[in-house]
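Enquirer: how would this look folded up:
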Amino acid sequence: MSTHLFDELPTDMIYWEIFPYLDYNSRVTANSLLPLKDRLGIPLKKDMVILFAIRYASAHILKCLREQVRAKNRRWKTTLTYKFLKEVLEHPEIFQYNRMFRDGVIAKAQEFLDPGYFRKRDMTLYSQKRLDTACTKALAFIGAHPYIREVSNEWTL
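Expert: Below is the predicted model of the structure:
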């Protein structure tokens, strides 16, 4: 008596017709549903660990950015920008393996460091110093973690 769909389908059909259309997490889950003797034992590429770390970091960073975009108060937006820069510094892999994100953060940090930026924004002196310090730290952090290369999305060897 079968317990799930994978018991009814031939293993070849699962490998060749279903698995190619699944993302990495779905493949792991589907593989765990197969009987032990039919499971794939393909080693993962080393890039998958890096890709997972980047996706994890991206989820946290995106949450900070969305919160910052939704903020109505100018002072709260500045605080959330500072929080964003602080969160970004906790994930060096995103700077080492994603050129576009790296360049974007560098450009924004340099824009925030421009003295004219604060005059246009009508920011308090405390907010200016705090943002200035955060941008300086971010640029130093990015400089300490050089770009290595882009990461492949292929999950197996």
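
Enquirer: care to break the protein down by domain?
Expert: For the chain, automatic domain parsing gives the domain ranges 5-38, 47-144.

Enquirer: any idea which of the ones you listed has the lowest pLDDT on average?
Expert: Note on the domains of the chain: domain 5-38 shows the lowest mean pLDDT, a mean of 79.

Enquirer: buried stuff in that domain?
Expert: 6, 14, 24, 27, 30, 31, 34 (16 or more other CB atoms under 10 Å). Every residue, glycine included, has its C-beta placed from N, CA and C.

Enquirer: now, the most widely separated pair of these?
Expert: Greatest spacing in those, by CB to CB: 6 and 24 (18.2 Å).

Enquirer: ranking the domains of the chain by mean neighbour count, which comes first?
Expert: domain 47-144 (a mean of 15; mean count of other CB atoms under 10 Å).

Enquirer: how long is it from one end to the other?
Expert: 21 Å (CA to CA, to the nearest Å).

Enquirer: re earlier: mind giving me CSV with the domains of the chain and columns for distance to residue 151?
Expert: CSV is the format used below for the domains of the chain (distance: least, CB to CB, whole Å):
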stretch, distance to residue 151
domain 5-38, 13
domain 47-144, 5
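
Enquirer: of all those, which one is nearest residue 150?
Expert: domain 47-144 (6.5 Å).

Enquirer: how far does that closest one sit from its chain's centre?
Expert: Relative to the chain's own centre, domain 47-144 is displaced by 13 Å; criterion: CA atoms, centre = their mean, to the nearest Å.

Enquirer: mind starting the numbering at 34 from now?
Expert: With 34 as the first residue, the last one maps to domain 80-177.

Enquirer: so where's the longest helix in this protein?
Expert: For the chain, the helix with the greatest residue count under DSSP state H is helix 80-103.
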